[in-house]
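# my questions are about this predicted structure, shown below with the sequence.
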Amino acid sequence: MGVILLSREKVNVMKILKPIKQAIFKNRPNRFQAYIMIDGKEIMVHVPNTGRCKEILVPNCTVILRKEDNAIRKTPYDLIAAYKDKKLISIDSHIPNKVVEEALLNKKIELLKDYNDVLREKTFGNSRFDFKLQKSSGEIYYLEVKGVTLENDGVVKFPDAPTERGRKHLLELVEAKKQGLGAGVLFLIQMNNVKYFTPNDETDEKFGEALRFARDNGVDVLAYCCDVEEDSITLTKQVEVKL
């Protein structure tokens, strides 16, 4: 994106820099657009998430907008989060990598705390992974991050729509392991107070199969939840993974 959306106001707290406003969600005619009510007017906003989010973005729910001042944009706001009952869920797909990068730099992910070099978007094979990590000894680890927004009764799942690209990433991580490199996938749960993570086999059986195959071939499968506020999002604690 090329735009800094977050900053660390204090240690481990990621603050959204741009103005934040509440609004009422009306409908979503396509993946990238939604209509909301704000200040008594109905306007179109951008949705930075290609997933379905149909259990979150329901008519008349309260949503959180981030102001975007850009003369070439057609929409003045991004819809970045929504309340599902009383639970605030971040749906901005650009956020997870930024949150995980800060967590890696702050050594909040126990398994990866000994990797000092954190590089973004590095290619391995036919895939571009979110992170390439390296220890001072030269040991390399590839990490892919997936943002999770689908929740039901405290159980969170990924994906909420079929993803051949996600399956491909998992198989490439297996190839990295076969070449003696470290490899893992981290599911960043963009909400708090959840029970456990599991793949969404009902929606994408092949992704679930690939995730179990990756686990069985030494790929680390991690899940972390976040504290989500209207103007901040922060990785907090590890969540149980059930495969």
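Arrived safely, thanks for sending.

# residue most distant from the centroid, this structure?
residue 40 (31.5 Å; Cα atoms, centre = their mean).

# can you give me the distance of it to residue 23?
11 Å (Cβ to Cβ, to the nearest Å). Bear in mind the C-beta positions are built from the backbone N, C-alpha and C, glycine included.

# what about this structure, any weak spots by pLDDT?
The model of the chain has pLDDT under 70 over residues 1-12.

# list phi and psi for the residue farthest from the centre of the chain.
Phi and psi for residue 40, reported as degrees, to the nearest 10, are phi 80, psi 10.

# do residue 134 as well
Torsion angles, degrees, to the nearest 10, at residue 134: phi -150, psi 140.

# assign the residue nearest the centre of the chain to helix, strand or coil.
In the chain, the centroid-proximal residue (Cα atoms, centre = their mean) is residue 147; its distance is 2.2 Å. Following DSSP: H, G, I helix; E, B strand; the rest coil, residue 147 is assigned to strand.

# how about it, nearest residue that isn't a chain neighbour?
Nearest residue to residue 147, sequence neighbours excluded (Cβ to Cβ, 6 or more residues apart in numbering): residue 96, at 3.9 Å.

# what's the burial count for the one you found?
24 (other Cβ atoms under 10 Å).

# my read: it touches residue 149, true?
No: the pair residue 96 / residue 149 is not scored as a contact, 10.0 Å apart, by Cβ atoms under 8 Å.

# find residues that contact each of these two.
residue 190 (Cβ atoms under 8 Å, 6 or more residues apart in numbering).

# can you map out the helices along the protein?
Per DSSP state H, the chain carries helices over the ranges 95-105, 164-178, 205-216.

# out of those helices, deepest packed?
helix 95-105 (a mean of 20; mean count of other Cβ atoms under 10 Å).

# for it, what is the distance to the chain centroid?
Relative to the centre of its chain, helix 95-105 is centred 10 Å away, using Cα atoms, centre = their mean, to the nearest Å.

# one more: stretch 206-223?
Here stretch 206-223 is found 18 Å from its chain centre; the criterion is Cα atoms, centre = their mean.

# what's the neighbour count on residue 51?
Residue 51 has 19 nearby residues by other Cβ under 10 Å.

# how about it: what's its closest non-neighbour residue?
Closest to residue 51 by Cβ to Cβ, 6+ apart is residue 160, at 4.7 Å.

# does that neighbour really touch residue 150, like I thought?
Yes: the pair residue 160 / residue 150 is scored as a contact, 4.3 Å apart, by Cβ under 8 Å.

# just checking, residue 46 touches residue 67?
No: contact criterion Cβ under 8 Å: residue 46 and residue 67 do not qualify, at 11.5 Å.

# can you list the domains in this structure?
When the chain is parsed with the TED database, its domains come out as 14-90, 94-238.
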